[in-house]
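Peer 1: Please find the sequence and the predicted model below.
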Amino acid sequence: MAEPLIRAEKLVKRFGPFTALNGIDLEIYRGEVHALLGDNGAGKSTLIKVLAGVHQPTEGQLYVEGKPVTFQSPRDATEAGIGTVYQDLALNPLMSVTRNFFMGRELTTGPQPFGLLKMDEMDRITHDEMVKIGIDISDPGQAVGTMSGGQRQTLAIARAIHFGAKVLILDEPTSALGQKQQMEVLKTIARVRARGDIAIIFITHNEVHSNLVADRFTFLALGEVIGKGTKEELKGKDIRHLMAGGVEMADLEQEIAAI
Ligand SMILES: Nc1ncnc2c1ncn2[C@@H]1O[C@H](COP(=O)(O)OP(=O)(O)O)[C@@H](O)[C@H]1O
Ligand SMILES: [Mg+2]
């Protein structure tokens, strides 16, 4: 099998006496959608914050394309090609789509730092990058506040890809959206997947959503991996059992019936 794009080996993360991650092994392959599943408190966000350079692991090692890496900051992770799309999306609703797309990385002409913005070129790039993943915004000068939740997700994703992400981390991108918007985000994920060169780590609570778009799954419970594999490898396994963090559904049914 090919070298994983990202590999985490025996990651441990402690917050004081509390162990949030307890020896996690994770492999992310190029071009795949990798669902990271688990109940609240399982350690999903902590794990991706280690991958994104927000937290330093207490123990363990990260590898990017086989090389050991240490991220001191989110900037280090971004430079290594790991882009994170956080729930708040880091967008300014009052500014235009284009200005949000280039925020802090504007194209300018003339002497720095007072160069003129190349607005036409930035509009064109923004429009083209959005079309590539399925949204044709007729006016990139429109304010982001006029876009739907699903379109905003797409903008944040297109931006991360344009600025060099090889791995996109999406932390519960569908959880704050209505049904229709959720489908838009899943379609965006499927379109990125179809490019074939970008991996997505898709964190979700939703078994149906992960089944629709994911190639590979890792299940976390209480800071440990309790199951992993491709869709094929997991055939016949009790996904619902893994989703529930290993709790026996039959036991739960009995307990509820007894109340
Ligand atoms: N900065 C922190 N300090 C202390 N405990 C934390 C911190 N971040 C997360 N935790 C704890 O680690 C556990 C895992 O949290 P988290 O990674 O957010 O889980 P998930 O995203 O799967 O819901 C939780 O018990 C949480 O309270
Ligand atoms: Mg979380």
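Peer 2: Perfect, thanks for sending it. Residues are numbered from 1 along each chain as shown. Ligands and ions are numbered 1, 2, ... in the order given.

Peer 1: so residue 170 makes contact with residue 86?
Peer 2: No: using Cβ atoms under 8 Å, residue 170 is not in contact with residue 86, being 9.1 Å away. In this view, the C-beta of every residue, glycine as well, is placed from N, C-alpha and C.

Peer 1: Between those two, which is the more surrounded one?
Peer 2: residue 170 (27 against 16; other Cβ atoms under 10 Å).

Peer 1: now the more buried one: how far from residue 118?
Peer 2: Counting by Cβ to Cβ, to the nearest Å, the gap from residue 170 to residue 118 is 30 Å.

Peer 1: for residue 93, same thing?
Peer 2: On the measure of Cβ to Cβ, residue 93 and residue 118 end up 24 Å apart.

Peer 1: Which pLDDT value belongs to residue 207?
Peer 2: For residue 207, the model assigns a pLDDT of 83.

Peer 1: no, scratch that, I was asking about residue 113
Peer 2: 69.

Peer 1: Could you pull up the mean pLDDT of stretch 39-57?
Peer 2: 94.

Peer 1: Mind listing residues that contact it?
Peer 2: 6, 8, 11-13, 20-21, 24, 26, 36-38, 62, 70-78, 82, 84, 167, 169, 171, 201, 203, 205, 220-223, 243-245 (Cβ atoms under 8 Å, 6 or more residues apart in numbering).

Peer 1: Generate a PyMOL selection restricted to the buried subset of those residues.
Peer 2: Only the buried members of these enter the following PyMOL selection, criterion being 16 or more other Cβ atoms under 10 Å:
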select buried, resi 6+8+11+12+13+20+21+24+26+36+37+38+62+71+77+78+82+84+167+169+171+201+203+220+221+222+223+243+244+245
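
Peer 1: contacts with ligand 1 among the contacts of stretch 39-57, please.
Peer 2: Near ligand 1, judged by Cβ under 6 Å from any ligand atom, the entries from those are 20, 38.

Peer 1: Inside helices: which ones of the contacts of stretch 39-57?
Peer 2: 74-78, 243 (DSSP state H).

Peer 1: Check pLDDT for the residues you listed and point me to the minimum.
Peer 2: residue 243 (75).

Peer 1: How about the contacts made by the closest residue to that one other than its chain neighbours?
Peer 2: Nearest residue to residue 243 in three dimensions, chain neighbours excluded: residue 207, at 5.5 Å (Cβ to Cβ, 6 or more residues apart in numbering). Residue 207 makes contacts with 37, 239-240, 243, as judged by Cβ under 8 Å, 6+ apart.

Peer 1: Mind doing that once more with 10 Å?
Peer 2: 35, 37, 217, 239-240, 242-244 (Cβ atoms under 10 Å, 6 or more residues apart in numbering).

Peer 1: what touches both of residue 170 and residue 86?
Peer 2: 48, 156.

Peer 1: okay, and the helix or strand of the chain with the least pLDDT?
Peer 2: helix 239-243 (a mean of 74; mean pLDDT, DSSP states H and E).

Peer 1: how about the helices in the protein?
Peer 2: Under DSSP H, the chain gives helices at 44-51, 74-79, 97-102, 119-132, 149-162, 179-195, 207-213, 239-243, 249-257.

Peer 1: Out of those, which gets nearest to ligand 2?
Peer 2: Ranking the helices of the chain by their distance to ligand 2 (criterion: Cβ to the ion) puts helix 44-51 first, at 3.2 Å.

Peer 1: roughly how far is the closest one from the heart of the chain?
Peer 2: Offset of helix 44-51 from its chain centre (Cα atoms, centre = their mean, to the nearest Å): 10 Å.

Peer 1: same thing with stretch 139-153?
Peer 2: 20 Å.

Peer 1: Residue 142 - how many residues pack around it?
Peer 2: 13.

Peer 1: With neighbour numbers in mind, choose between residue 93 and residue 118.
Peer 2: For the pair residue 93 and residue 118, the greater number of neighbours falls to residue 118 (16 against 12), based on other Cβ under 10 Å.

Peer 1: thought that one was touching residue 126?
Peer 2: No: Residue 118 is not in contact with residue 126 according to Cβ atoms under 10 Å; the separation is 11.9 Å.
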